[in-house]
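>>> Would you be able to build a 3D model of this:
(one chain, ligands or ions: 1)
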Amino acid sequence: MANETVFKRYKGNPIITAKDVPRATSIHNSAVIPFGKGYAGIFRVDEIDLNFTLHIGFSKDGIKWEIDPERMDNKVTSDDPEIGIAPQSYDPRITKMGDTYYILWCNMGSEGPCIGMMTTKDFKNFKQGENLLPPANRNCVLFPKKINGKYAILHRPSDRGHTPFGDILYAVSPDLTHWGCHRFVMGPTKIGWQTTKTGPGPVPIETKDGWLLLYHGVWTSCNGYIYYMGGALLDLDKPWKVLSRTRDYMLAPTEPYERIGDVPNIIFPSSAVVLGDTIRLYYGCADTCISMAEAKLDQVIRFIKTHSL
Ligand code: BMA
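Numbers count the residues shown, from 1 in each chain. Here you go, the predicted structure:
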C-alpha cells in the first residue's frame, strides 16, 4: 500500500482555522481527547501579537469545535506562586490515566523552552506542577499507563532556536516529578525525509505489536525545514527499543493548506484518537491550521512493518 493511502485526509480539511478564535492569527499543533459524551481539546493559538497561547475547546463530534476566545491561564492554579503558564506556551499533548487528564506542553519561560505539566478532571480547573524537564526541550508526551511500575515519557531535547537536531529519548518517574533513566529511542537517519530531526507526536497507542508511535521527521531543503509524519513500533516493556520504523513517510505536506502558511511545508502530528479499528489523526498544517486524517490501525501497523528501515 502506498504511503499516502494509509492515512486518508478528511475532505473538509482544514477543520479548525484562525477564523474560529477572535484574536488568532493561526491555530495549529493541538491536543484533543474523548471527554464525556464528546471531546475536549487544548489548542495552540498564535494571537495577533504573536504570543503563542493555550485555549480550551469542546466538540460533540471531534470535527466541529467551540474554542474559548480567552487564553486558559486564569483557569490554572498551582501550590507555588512561582509556577505558572509561561507567556509563550505551545504544542500541547493530553494523556488520560484513570479519571485524570495530564497536559504536557512547551512552557517557554525566560530560561528557554521547558516541558510544563498540568492536570484536570473536568477541563474547567487545572492544576500546574513543576516543569517536567529543564530547558531546552520542547516536545514531550506521557504514555497512557505506567510501564514497569513507573510513569514514562518520550521527549526531545532541543536548543532555544529552530533546533537543527532532534533525537527522541525515553525517561521514567516514580511520581511524575522526578525524571531519569533517559534512554535513546531514535534519531535522524542518514538519508531521506528524517535526516535533520525527529520528535514524538501523539500519545503512543498500545497494540499487541508494540507501542505505536506516530512522529515527525524533518528534512532540510534549500528553502528550509520540511516536516513529514512517520510511524514506529516500540517494545511494550522496553519502549526505548525500536521494533520497526518507517523508511517511507506516512504523510507529507502536499495539500495547499499544508504547504502554504506561517511556516510552509509542515505536517505536525499531535493527537490520535482510536475509534474502533480506526485511528483519527489531528495534525497541525503549515503552522497555520488543524486538519484530520484517518487510517485503519491494522494497516498502519502493516505499513510500518513492511516499509521499515
Ligand atoms: C517546531 C515547533 C513547532 C512548529 C515547528 C515548525 O520547532 O515550534 O511548533 O510546528 O517547529 O515550525
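>>> And the residue nearest to residue 260 when sequence neighbours are not counted, what's its pLDDT?
Nearest residue to residue 260, sequence neighbours excluded (Cβ to Cβ, 6 or more residues apart in numbering): residue 286, at 6.0 Å. For every residue, glycine as well, the C-beta is placed using N, CA and C. You'll see residue 286 listed with a pLDDT of 98.
>>> Check residue 4 too.
pLDDT for residue 4: 60.
>>> Dump stretch 41-57 to CSV, keeping only the CA atoms.
What follows is stretch 41-57, C-alpha atoms only, in CSV (Å, rounded to 0.1, in the frame of the first residue of the first chain):
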residue,chain,number,x,y,z
GLY,A,41,-9.0,19.9,23.5
ILE,A,42,-6.2,22.2,24.4
PHE,A,43,-5.4,24.4,21.4
ARG,A,44,-2.3,26.3,20.5
VAL,A,45,-3.4,29.7,19.4
ASP,A,46,-0.9,32.2,18.0
GLU,A,47,-2.6,35.5,18.7
ILE,A,48,-2.3,38.8,16.7
ASP,A,49,0.5,40.0,19.0
LEU,A,50,2.3,36.7,18.0
ASN,A,51,2.1,35.3,21.5
PHE,A,52,1.6,31.6,21.5
THR,A,53,-1.2,30.8,23.9
LEU,A,54,-3.3,27.8,25.1
HIS,A,55,-7.1,27.8,24.8
ILE,A,56,-9.7,25.2,25.8
GLY,A,57,-12.2,23.8,23.3
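>>> mean confidence for that stretch?
97.
>>> So the residue nearest to residue 260 is in contact with residue 255, correct?
No - contact criterion Cβ atoms under 8 Å: residue 286 and residue 255 do not qualify, at 9.4 Å.
>>> In terms of neighbours, single out the busier of these two.
It is residue 286, of residue 286 and residue 255, that has more neighbours when counted by other Cβ atoms under 10 Å, with 25 against 15.
>>> Tell me who's in contact with the nearest residue to residue 16 once chain neighbours are set aside.
Closest residue in space to residue 16, ignoring its immediate chain neighbours: residue 290 at 4.1 Å, by Cβ to Cβ, 6+ apart. Contact analysis of residue 290 by Cβ atoms under 8 Å, 6 or more residues apart in numbering lists 14, 15, 16, 17, 27, 28, 30, 43, 282, 283, 284.
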